[in-house]
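*Asks:* Pasting the sequence and the predicted model now:
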Amino acid sequence: MEAIVYEEFGGPEVLRHAAGVAVPEPGPGEVRVKVAAVGVNPLDWKRRYGWVEEFYPTTFPAVPGLEFAGTVDKLGEGVTGLTVGDEVLGWTKTGAYAEYAIAGIVAPKPAGLSWEAAASLPVAGETAQRVLDLLGVRAGETLFLHGAAGVVGSVGVQLAVAAGVTVIGSASESNHAYLRALGAIPVEYGEGLAERVRAAAPDGVDAVFDAAGHGVLPVAIELLGGGEPGAGEAAKERIVTIADVDAEKYGIVFSGLLGDPDAVRAGLTAHARGAAAGTLTVRLAGTLPLKEAARAQELSESGHARGKLILLP
């Protein structure tokens with residue numbers, strides 16, 4: 001099969017398009033999927049650099065990619081509830097930048113959902129839902145979501161708003177109309193952020209979801225602590241980051257690993273249904289052929305892609 005592989009850590013140049021890569025075989029409880037679309041995520045290039053080995057150890061040669069949409073091609077021993085030909089979306093164990101991949105967790109793809117839209121859901125949906133669950137946000141509360149216009153952030157906005165939560169979302173001014181359309185109250189990034197959040201939420205915020213990093217954790221502590229020295233300590237349990245590696249230094253939770261497989265599968269199924277119904281959307285930045293995976297990762301790393309990048313094998 002064709003696949004994108006890399007055999008050492010480094011920049012985009014270590015990625016190469018290879019033909020004749022062995023087609024993986026499903027083990028017990030696994031399925032093989034013929035990939036129709038692949039979602040590109042920041043974790044893809046962070047793994048390529050070797051930055052997240054503590055959480056995601058790499059065995060070379062490696063195939064990048066976490067999420068996919070495609071068609072079940074072969075069943076492993078003991079698989080029930082799926083048949084060859086089923087259209088699914090989910091997470092892969094062998095790398096999604098390939099013609100075929102072994103699936104770990106899958107959910108049915110609704111008939112009305114495009115391959116591109118389906119492939120954009122697994123990582124963003126699971127991450128956003130996991131963080132909201134960790135924060136325990138409830139109807140009537142106010143959430144500050146830093147990086148609200150990004151892929152994970154925008155899904156987090158939609159899930160929180162649907163649950164009756166007021167969302168204050170930080171983003172560049174060019175994305176403010178987009179956030180309003182999703183139901184969030186936008187505020188500008190940068191110096192003075194805490195004051196702008198307070199102005200948007202005069203009764204204060206109850207929790208903070210950091211989806212962007214860039215040193216916002218001290219601001220988050222200040223917001224939940226009312227600005228009084230030491231007052232933010234008790235509120236740190238209601239701050240979660242997926243982007244700031246300095247989280248431990250501040251005593252804040254860094255969430256980066258998948259949750260319980262059954263819960264992940266149930267969430268993915270619900271999010272796919274919502275996407276098919278039009279109640280949950282992921283903004284697509286564009287599609288590229290699989291051979292241009294290096295270019296896709298460069299765009300992702302640049303931060304200039306407004307939405308989800310999708311590779312098409």
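*Replies:* Great, that's in hand.
*Asks:* tell me what the helix or strand hosting Ile102 is packed against?
*Replies:* Assessed by DSSP states H and E, Ile102 sits inside strand 100-108. Applying 3 or more CB pairs under 8 Å, 6 or more residues apart in numbering; DSSP states H and E, we find strand 100-108 packed against strand 31-40, strand 67-75, strand 87-92, helix 261-277. In this view, the C-beta of every residue, glycine as well, is placed from N, C-alpha and C.
*Asks:* so who does Thr71 touch?
*Replies:* 33-34, 36, 85-88 (CB atoms under 8 Å, 6 or more residues apart in numbering).
*Asks:* Counting neighbours, which of the residues you listed comes out on top?
*Replies:* Using other CB atoms under 10 Å as the neighbour criterion, Val33 leads the contacts of Thr71 with 30 neighbours.
*Asks:* With adjacent residues omitted, what lies nearest to that residue?
*Replies:* The spatial neighbour of Val33 that comes closest, neighbours along the chain excluded (CB to CB, 6 or more residues apart in numbering), is Gly70 at 4.2 Å.
*Asks:* any idea how far that neighbour lies from Gly85?
*Replies:* According to CB to CB, to the nearest Å, Gly70 and Gly85 sit 11 Å apart.
*Asks:* which stretches of the stretch 151-300 of the chain form strands?
*Replies:* Taking DSSP state E, counting those that start in this stretch as the test, the strands found in the stretch 151-300 of the chain are 166-171, 185-188, 207-210, 239-241, 253-254, 284-289.
*Asks:* Assess the claim that Leu159 and Arg130 are in contact.
*Replies:* No. With contact defined as CB atoms under 8 Å, Leu159 does not reach Arg130; the gap is 10.7 Å.
*Asks:* what about Ala18, how many residues close to it?
*Replies:* Neighbourhood size, Ala18 [other CB under 10 Å]: 15.
*Asks:* My error: substitute Gly112 in the last question.
*Replies:* Using other CB under 10 Å, Gly112 is surrounded by 10 other residues.
*Asks:* what kind of secondary structure is it in?
*Replies:* Using DSSP: H, G, I helix; E, B strand; the rest coil as the criterion, the local structure at Gly112 reads coil.
*Asks:* That one: what's it in contact with?
*Replies:* Taking CB under 8 Å, 6+ apart as the criterion, Gly112 is in contact with Ala276.
*Asks:* give me phi/psi at it?
*Replies:* With angles defined as degrees, to the nearest 10, Gly112 sits at phi -90, psi 0.
*Asks:* Quick check: the gap between it and Gly70.
*Replies:* Going from Gly112 to Gly70 by CB to CB gives 17 Å.
*Asks:* what mean pLDDT would you report for the strand holding Ile102?
*Replies:* The average of the pLDDT scores along strand 100-108 is 94.
*Asks:* what residues does that strand touch?
*Replies:* In contact with strand 100-108 (CB under 8 Å, 6+ apart) are residues 1, 23-27, 30-35, 63, 65, 68, 70, 72-73, 82, 86-95, 122, 258, 261, 264-265, 268-269, 272.
*Asks:* buried stuff in that strand?
*Replies:* 100-108 (16 or more other CB atoms under 10 Å).
*Asks:* strand partners of it, parallel vs antiparallel please.
*Replies:* Strand 100-108 has the following sheet partners, assigned by DSSP bridges: strand 31-40 (antiparallel), strand 87-92 (antiparallel).
*Asks:* Go through the ones you listed and name the closest to Gly153.
*Replies:* Between Gly153 and the strands paired with strand 100-108, the tightest spacing by CB to CB is seen for strand 31-40, at 15.5 Å.
*Asks:* follow-up on the earlier one: same list (the buried residues of strand 100-108) but as a markdown table, adding distance to Ala199.
*Replies:* Shown next, in a markdown table, are those (distance: CB to CB, whole Å):
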| residue | distance to Ala199 |
| --- | --- |
| Tyr100 | 52 |
| Ala101 | 47 |
| Ile102 | 50 |
| Ala103 | 46 |
| Gly104 | 44 |
| Ile105 | 42 |
| Val106 | 44 |
| Ala107 | 41 |
| Pro108 | 44 |
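*Asks:* If I follow the layout properly, Tyr6 ends up in contact with Gly65?
*Replies:* No. Under the criterion of CB under 8 Å, Tyr6 makes no contact with Gly65, lying 11.5 Å away.
*Asks:* Can you give me the distance of Ala103 to Val31?
*Replies:* 5 Å.
*Asks:* Need the overlap of contacts for the two.
*Replies:* 72, 88.
*Asks:* Any stretches of this protein with poor pLDDT?
*Replies:* Within the chain, the ranges that satisfy pLDDT under 70 run 226-234.
*Asks:* what comes into contact with stretch 150-164?
*Replies:* With CB under 8 Å, 6+ apart, stretch 150-164 has contacts from 120, 123-125, 127-129, 131-132, 137-140, 143, 145-148, 167, 169, 171, 178-179, 182-184, 209, 211-212, 242, 271, 279-283, 307-308.
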